[in-house]
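Undergrad: build me a model:
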Amino acid sequence: MTGPDPETAYRRSRLALAARIVLAGPVIGTLVVWGADFALGRMSQLFMALLLPPLFLVLLASGWVVGLLPAIVAAALWLFADDVLYTTSQRWIGVILVGGVTGAAVASPLVILSTQFRPLDVPLIMSTALAGIVALALTVRPWSEG
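TA: Numbering: from 1, shown residues only. Next up, the predicted model:
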């Protein structure tokens, strides 16, 4: 008895990649945005609240919900782009472009809508772009072959 045919195995690996991007990406992105906000000194009051485990989990879950749409867009773009990116450097450029654009263009407005008190400014755009890049890089692992 042999395993699945190559086409089925390919589809399963693509589905697993998309699931990894959509499920893990928003959590990673939320942590990166929090880290960037903390480094910029924009999160002093919220940082103390994050030390309480129940509140931390609630805020992480809300960050996951906010990051879900950008992750879905990034997964769709990455599955398209991955077929034409052959070298490691091309894959890194793809991660920077797809992650940065989906983070800045899709996640920034969602963060503003979800918090209702945060202005659209350069640090917000840069932190969400960085979050998209880091989340996509850690989920698709552009340094590996498969």
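Undergrad: what mean pLDDT does the longest helix seen in the chain have?
TA: Longest helix in the chain by number of residues (criterion: DSSP state H): helix 6-39. For helix 6-39, the mean per-residue pLDDT is 88.
Undergrad: mind giving me the packing neighbours of that helix?
TA: Helices and strands touching helix 6-39, by 3 or more CB pairs under 8 Å, 6 or more residues apart in numbering; DSSP states H and E, are helix 44-50, helix 53-81, helix 122-140. (Each C-beta comes from the backbone N, C-alpha and C, glycine too.)
Undergrad: gap between that helix and the chain center?
TA: With CA atoms, centre = their mean, to the nearest Å as the basis, helix 6-39 stands 6 Å off its chain's centre.
Undergrad: reformat the helices and strands packed on helix 6-39 as CSV; add distance to residue 24.
TA: Supplementary listing: these in CSV, determined by distance: least, CB to CB, whole Å:
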stretch, distance to residue 24
helix 44-50, 20
helix 53-81, 9
helix 122-140, 5
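Undergrad: neighbours of residue 13, just the number please.
TA: 11 (other CB atoms under 10 Å).
Undergrad: so for stretch 113-126, what gets flagged as buried?
TA: The neighbour-count check on stretch 113-126 (16 or more other CB atoms under 10 Å) flags 124, 125, 126 as buried.
Undergrad: could you check how far residue 25 is from residue 133?
TA: From residue 25 across to residue 133, the span is 11 Å (CB to CB, to the nearest Å).
Undergrad: who has more neighbours, those two?
TA: Counted by other CB under 10 Å, residue 25 and residue 133 do not tie: residue 25 has more neighbours, with 30 against 24.
Undergrad: where does residue 42 sit: helix, strand or coil?
TA: coil (DSSP: H, G, I helix; E, B strand; the rest coil).
Undergrad: pretty sure it contacts residue 119?
TA: No: with contact defined as CB atoms under 8 Å, residue 42 does not count as touching residue 119 (10.9 Å).
Undergrad: quick check: which element contains residue 108?
TA: Assigned by DSSP states H and E, residue 108 belongs to helix 108-115.
Undergrad: elements contacting that helix?
TA: Against helix 108-115 (3+ CB pairs under 8 Å, 6+ apart) you get helix 53-81, helix 122-140.
Undergrad: output the contacting helices and strands for the shortest one.
TA: Counting contacts by 3+ CB pairs under 8 Å, 6+ apart, helix 122-140 is packed against helix 6-39, helix 53-81, helix 88-101, helix 108-115.
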